[in-house]
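Engineer: Here is my input, please return the structure:
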Amino acid sequence: MSYSPLAQAMINYVECHLENFDMTQMSETFGFSESYLRELFSKHVNMPIMQYYRKRRITVSAFEILHSGKKIVDIAFETGFSSHESYTRAFRKVFGMSPNRYRTDRPPIGRKQLDAGVFGLERLTEKEKRSDVFMGTEKQDSTILYGILKIEHGAYGSGTMFPICIKAVSEYLGDDVSYASIMAATGAAFRLVWNQADWDLSNIDIYHTLKESNDIYGYGAKALGRAYSFLGRDENTPKEAFTDFIKSNLAKGNPVIALGIIGPPEPCIVAGYDAEDDAVMGWNFFQNDLQFASVATTMDNGYFRCSAWWENTDTQAVMCMGGLTGTPWGDKEILEMAAAAMEAREECTYAKGLRAYDAWLHMLLDEKCFKNNCGFDTLFSRLLVVNDAIGCIGDGRKWAAAYLEDLAAKYGKAENAHTRDVVQACLAAAAHFRAVSSIAGEMMSLIGDWSDTGEMLQNLASRPVRERLGEKIDSARQEDTGAYEQIKRILQNPIPFLK
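Structural biologist: Next comes the predicted model:
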């Protein structure tokens, strides 16, 4: 392992340019000749720089083999090979097996220290996957973790931000868990909340899923059996506390999930910290949003870089998943949490679970809320709230169905009447959830498409359209009720290995 500052900078450069590395460009950037850089790199890393680069690209491609649905031939071309055959030969030299075999056997890949303050993707042993103690834990003022999947709307086929962050981080730590499981374990697949006191844009915040508590943020870590830490911000929280939290976790190779950093208090991933200008780096759903992007720059690998992160008062919390500490949550715990999230109830001004449908319907049909078509700003704000609720059940219930279908397949091999009954209940719940997701699509068709916001506002202001939306809300509630009853049925008589 190299501790030469220049060699470390070169490793950083290669990792940041895995898709477009050019030796001549690096030479110009560093201000040294190519021959000098090649000699220095080889001396400190014990490998020629181009060999290192090719190995790193193949390693990152192996991560894609595990975690993307892309065809291997497409991955080969994207990695820079002219044919599937040449890629397979190079892949076999690095991993000792073919890409197809790698996808079948699924050896873990996750973060590993490449140099002081630099982490990237590498094949992991089980011991390395289970712990972060083996990592270089020497104090670092600056650390960056390369190779974390970009988070954006549509990642993993979803639009729900917190589970997307959990999934991207869990992959980087070496886990191989389906996105449906993450959606279920975080509660995002089963939630619906509506503030009866106001048209509240925070309805969809994961904070509201169960009882008002930050504990919900740790459920994904518990489901994965990983250590978890959380630090919230109040008027007395010093910036140094957040900085130390970020630095200490990054030094172990563990990405930090933050609320805020750029834009509103939505989750993002902090993948690096640079003490030189107190900058954090990583992925944020709003990093390319013109309304917020002025506070950040974009690195060559796509990460944002932001020094004004603390000045953003919406930077409200940081949290981290660490090494594996125990037995992950079982399906029973996840289904118990699902039932708790869906239970009809009220907390303060919030209607939750099945009760949220009633509150949503009531306010949607309350003519006082739409009197004289409201003002543009008011109507647009209400459109956003309705859109969020539709998205919540549309995306959430799609993944709830997938999770229940996976359970049915998992337990369907057992040949006894009790197990068959549970499997049937899983499939019945999944069918109800699929119906809710489909109804959400019908709701959006009634409102319109975001390519024409004016038409959407006009539709929402229309009483007949809102009445038709109300019918859809009532149908979705009935389907969700059916799914809830099936989940309760499973929990009343769980099969022995549903734990």
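
Engineer: show me the contacts for the residue most central in space within the chain.
Structural biologist: When the chain is reduced to its mean C-alpha position, the closest residue under Cα atoms, centre = their mean turns out to be residue 164, at 1.6 Å. Contact analysis of residue 164 by Cβ atoms under 8 Å, 6 or more residues apart in numbering lists 151, 155-156, 158. Every residue, glycine included, has its C-beta placed from N, CA and C.

Engineer: could you redo the last one with a cut-off of 10 Å?
Structural biologist: For residue 164, the contact set (Cβ atoms under 10 Å, 6 or more residues apart in numbering) comprises 149-156, 158, 179, 182-183, 188, 267, 269, 283, 285.

Engineer: Next one: it relative to residue 38, how far apart?
Structural biologist: In this structure, residue 164 and residue 38 are 40 Å apart, going by Cβ to Cβ, to the nearest Å.

Engineer: again, but for residue 283
Structural biologist: 32 Å.

Engineer: Kindly report the same for residue 272.
Structural biologist: From residue 272 over to residue 38 (counting by Cβ to Cβ), the distance is 26 Å.

Engineer: Over to residue 126?
Structural biologist: Relative to residue 38, and taking Cβ to Cβ, residue 126 is found at 36 Å.

Engineer: The two: who's more crowded?
Structural biologist: Set residue 126 next to residue 38 and count neighbours by other Cβ atoms under 10 Å: residue 38 wins out with 17 against 11.

Engineer: Got the phi and psi for that one?
Structural biologist: The phi and psi torsions at residue 38 (degrees, to the nearest 10) take the values phi -60, psi -40.

Engineer: Quick check: it touching residue 23?
Structural biologist: Yes - the pair residue 38 / residue 23 is scored as a contact, 7.7 Å apart, by Cβ atoms under 10 Å.

Engineer: between these two, what contacts are shared?
Structural biologist: 49-50.

Engineer: ranges for the strands of the protein?
Structural biologist: Listed in chain order, the strands of the chain (DSSP state E) span residues 109-115, 118-123, 143-145, 193-195, 226-232, 256-259, 267-274, 279-283, 296-298, 304-306, 317-324, 345-347, 350-352.

Engineer: hmm, back to that, pull out the buried residues from the contacts of residue 164.
Structural biologist: Those of the contacts of residue 164 that meet the buried threshold are 149, 151, 155-156, 158, 179, 182-183, 188, 267, 269, 283, 285, by 16 or more other Cβ atoms under 10 Å.

Engineer: just curious, which of the residues you listed is nearest to residue 355?
Structural biologist: residue 188 (18.4 Å; Cβ to Cβ).

Engineer: ok, longest helix in this protein?
Structural biologist: helix 376-411 (DSSP state H).

Engineer: rewinding a little: which of the contacts of residue 164 fall in helices?
Structural biologist: Residues of the contacts of residue 164 located in helices (DSSP H): 179, 182-183.

Engineer: Among the residues you listed, which one lies nearest to residue 222?
Structural biologist: Using Cβ to Cβ, residue 182 comes nearest to residue 222 of the ones in helices among the contacts of residue 164, at 12.1 Å.

Engineer: what sits up against stretch 194-201?
Structural biologist: Counting by Cβ under 10 Å, 6+ apart, 193, 202-204, 208, 264, 346, 348-352, 355-364, 369, 378, 381-386, 388-389, 392 sit against stretch 194-201.

Engineer: go with 6 Å
Structural biologist: The contact list for stretch 194-201 (Cβ atoms under 6 Å, 6 or more residues apart in numbering) reads 203, 349-351, 356, 359-360, 382, 385.

Engineer: Quick one: neighbours of residue 20, just the number.
Structural biologist: Residues near residue 20, counting by other Cβ under 10 Å: 10.
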